[in-house]
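Colleague: based on what follows, work out the 3D shape:
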Amino acid sequence: MNMKIELENCQKSLTLKDFEEIESKLGYALPERLKEFYLQYNGGSTKQIASINKYQEVEIEDFFPFKYNKDFKNDPRYTAEGETLELRKAGAISDSILIFAMESTDEGRITIDLVNGKIYLYPIVGMQDVIFNFGEPRLVANSIDDFFDNLVVLDGHKAIPAIEEIEEGQTETAGVMPELSDCSASLTKEDIKNAAENPEYIADETAVITEGLSIKGDLDSLGSIDLFGSVEGNVTCRGKLTVSGSITGSSKANEFFANDAQVDGDIEAKGAVKIGQGTVVVGNITATSAVIGGAVKGDIDVHGPVIIDSSAIISGDIKSKSVQINNGATIDGRCSQCYADVNMESIFDIKGKKNK
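Modeller: Got it, this is the predicted structure:
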């Protein structure tokens with residue numbers, strides 16, 4: 001079913017002056033349709049499954065923000081134009097390419113050629129010298145209008161609602177039962193039914209645990225949670241768990257983002273984990289991709305790429321498919337690319353090669 005695309009966890013709104021600065025940096029004018037979209041949504045995650053299947057099926061996971069990214073203290077490297085310029089400088093993409101989104105399967109980059117206007121998928125096939133290696137670009141759409149006109153938003157949720165209610169005895173406040181504010185939708189009977197029938201279902205709701213709210217006990221959500229307060233207990237979230245407060249206990253979510261947070265417990269995510277600068281994690285991290293900009297005391301086990309930012313401090317072993325370590329990062333532990341598609345024994349079997 002075709003529906004209007006909606007994004008969540010968007011960044012600070014852009015202005016036309018912002019676009020003038022961005023276009024100056026990129027050296028090209030941006031298509032009006034792309035600017036109209038970003039004036040409404042400055043990046044963010046798709047609330048529901050969004051895909052395009054004109055030349056090949058591509059499912060969109062995230063749209064990268066321009067200029068602002070509060071999850072990483074507005075570090076320009078974590079913006080659409082910042083990543084684009086870094087990859088252009090390294091020669092990984094041509095100077096006319098702009099990266100603006102990420103597909104969900106292998107975190108390949110959705111791009112637009114600002115000269116011919118066509119949309120391409122750049123699949124990630126590896127990493128070398130802390131820069132992504134891309135495979136052959138694949139045509140997705142003939143223009144940005146073609147892209148948005150053929151983008152299909154399915155009438156179903158990516159994964160689930162936050163908290164319907166907090167049970168008695170699970171909270172500590174000054175004698176007042178707290179409210180979960182700024183939720184995007186209410187939990188419905190259909191959500192509960194779908195969740196019972198499908199363990200992968202994610203409800204279209206985000207609950208906000210406000211600063212100053214302290215919860216003692218486990219927290220379980222069918223959707224997403226923005227946590228600014230504190231939780232003493234395990235947090236399970238089928239959607240995205242965004243933490244700027246504190247958690248004492250294990251965390252499980254579809255995606256886990258932390259910024260200026262304190263986490264004492266293991267973190268497990270089906271997708272990406274991002275530990276922003278100012279965050280301290282004491283516990284192991286398990287995910288399919290990770291960006292570490294804060295401090296982690298524990299082992300990191302990621303079956304995909306890991307990016308260690310210059311501000312990162314890690315005490316523990318890292319296992320991944322690929323790793324990018326930026327200058328200035330501090331690591332005390334072993335680093336192994338044990339999930340890489342490389343047969344080490346065959347490469348270093350010199351005697352075997354001589355006998356052939």
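Colleague: now do the contacts for Ile112.
Modeller: 31, 34, 97-98, 100, 118-120, 144, 147 (C-beta atoms under 8 Å, 6 or more residues apart in numbering). In short, each C-beta sits where N, CA and C put it, glycine included.
Colleague: now the residues you listed as JSON lines including secondary structure, distance to Thr236 and neighbour count?
Modeller: Converted to JSON lines, the contacts of Ile112 look like this (DSSP: H, G, I helix; E, B strand; the rest coil; distance: C-beta to C-beta, whole Å; neighbours: other C-beta atoms under 10 Å):
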{"residue": "Pro31", "secondary structure": "coil", "distance to Thr236": "41", "neighbour count": "17"}
{"residue": "Leu34", "secondary structure": "helix", "distance to Thr236": "37", "neighbour count": "19"}
{"residue": "Ile97", "secondary structure": "strand", "distance to Thr236": "39", "neighbour count": "22"}
{"residue": "Leu98", "secondary structure": "strand", "distance to Thr236": "37", "neighbour count": "25"}
{"residue": "Phe100", "secondary structure": "strand", "distance to Thr236": "32", "neighbour count": "25"}
{"residue": "Lys118", "secondary structure": "coil", "distance to Thr236": "42", "neighbour count": "18"}
{"residue": "Ile119", "secondary structure": "strand", "distance to Thr236": "37", "neighbour count": "26"}
{"residue": "Tyr120", "secondary structure": "strand", "distance to Thr236": "38", "neighbour count": "21"}
{"residue": "Ile144", "secondary structure": "helix", "distance to Thr236": "39", "neighbour count": "21"}
{"residue": "Phe147", "secondary structure": "helix", "distance to Thr236": "35", "neighbour count": "26"}
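Colleague: how far is stretch 137-153 from where the chain is centred?
Modeller: Chain-centre distance of stretch 137-153: 22 Å, with C-alpha atoms, centre = their mean, to the nearest Å.
Colleague: span of that stretch from start to end?
Modeller: End-to-end distance of stretch 137-153 (C-alpha to C-alpha, to the nearest Å): 24 Å.
Colleague: pLDDT of it, averaged?
Modeller: Mean pLDDT, computed over stretch 137-153, is 90.
Colleague: show me what it is in contact with.
Modeller: The contact list for stretch 137-153 (C-beta under 8 Å, 6+ apart) reads 1-6, 31, 33-34, 37, 46, 48-56, 58, 60, 110-112, 117-123.
Colleague: run the last query once more with 6 Å
Modeller: Residues outside stretch 137-153 that contact it (C-beta atoms under 6 Å, 6 or more residues apart in numbering): 2-3, 5, 31, 33-34, 48, 50-52, 54-55, 58, 117-122.
Colleague: so which bits of it are buried?
Modeller: For stretch 137-153, burial by neighbour count (16 or more other C-beta atoms under 10 Å) applies to 137, 140-141, 144, 146-148, 150-153.
Colleague: ok, now stretch 240-256?
Modeller: 240-256.
Colleague: picking that back up, okay, and which of the buried residues of stretch 137-153 map to strands?
Modeller: With strands taken from DSSP state E, the overlap with the buried residues of stretch 137-153 comprises 140-141, 152-153.
Colleague: distance to Ala90 added to those, as CSV?
Modeller: Formatted as CSV, these follow (distance: C-beta to C-beta, whole Å):
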residue, distance to Ala90
Val140, 23
Ala141, 26
Val152, 34
Val153, 34
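Colleague: list buried residues within the contacts of stretch 137-153.
Modeller: Buried members of the contacts of stretch 137-153, scored by 16+ other C-beta under 10 Å, are 5, 31, 34, 48, 50-52, 54, 58, 118-122.
Colleague: run a quick neighbour tally on Lys17.
Modeller: Residues near Lys17, counting by other C-beta atoms under 10 Å, number 8.
Colleague: which SSE is it in?
Modeller: Per DSSP states H and E: Lys17 is located in helix 16-26.
Colleague: so which helix or strand of this structure has the lowest pLDDT on average?
Modeller: The weakest-scoring helix or strand in the chain, judged by mean pLDDT, DSSP states H and E, is strand 171-172 (a mean of 40).
Colleague: what number of residues lie near Lys274?
Modeller: Quick note: Lys274 (other C-beta under 10 Å) scores 24 neighbours.
Colleague: verify the contact between it and Phe257 for me.
Modeller: Yes. Counting by C-beta atoms under 6 Å, Phe257 is a contact partner of Lys274 at 4.8 Å.
Colleague: out of the ones in strands among the buried residues of stretch 137-153, who's nearest Ile308?
Modeller: Nearest to Ile308 among these is Val140, at 30.6 Å by C-beta to C-beta.
Colleague: excluding chain neighbours, what is closest to the closest one?
Modeller: Nearest residue to Val140, sequence neighbours excluded (C-beta to C-beta, 6 or more residues apart in numbering): Ile119, at 4.4 Å.
Colleague: roughly how far apart are the residue nearest to Glu136 when sequence neighbours are not counted and Asn116?
Modeller: Distances taken as C-beta to C-beta, 6+ apart place Pro123 nearest to Glu136, at 7.8 Å, with adjacent residues excluded. With distances taken as C-beta to C-beta, to the nearest Å, Pro123 is found 20 Å from Asn116.
Colleague: what does Tyr41 give?
Modeller: Noted for Tyr41: a distance of 25 Å to Asn116, by C-beta to C-beta.
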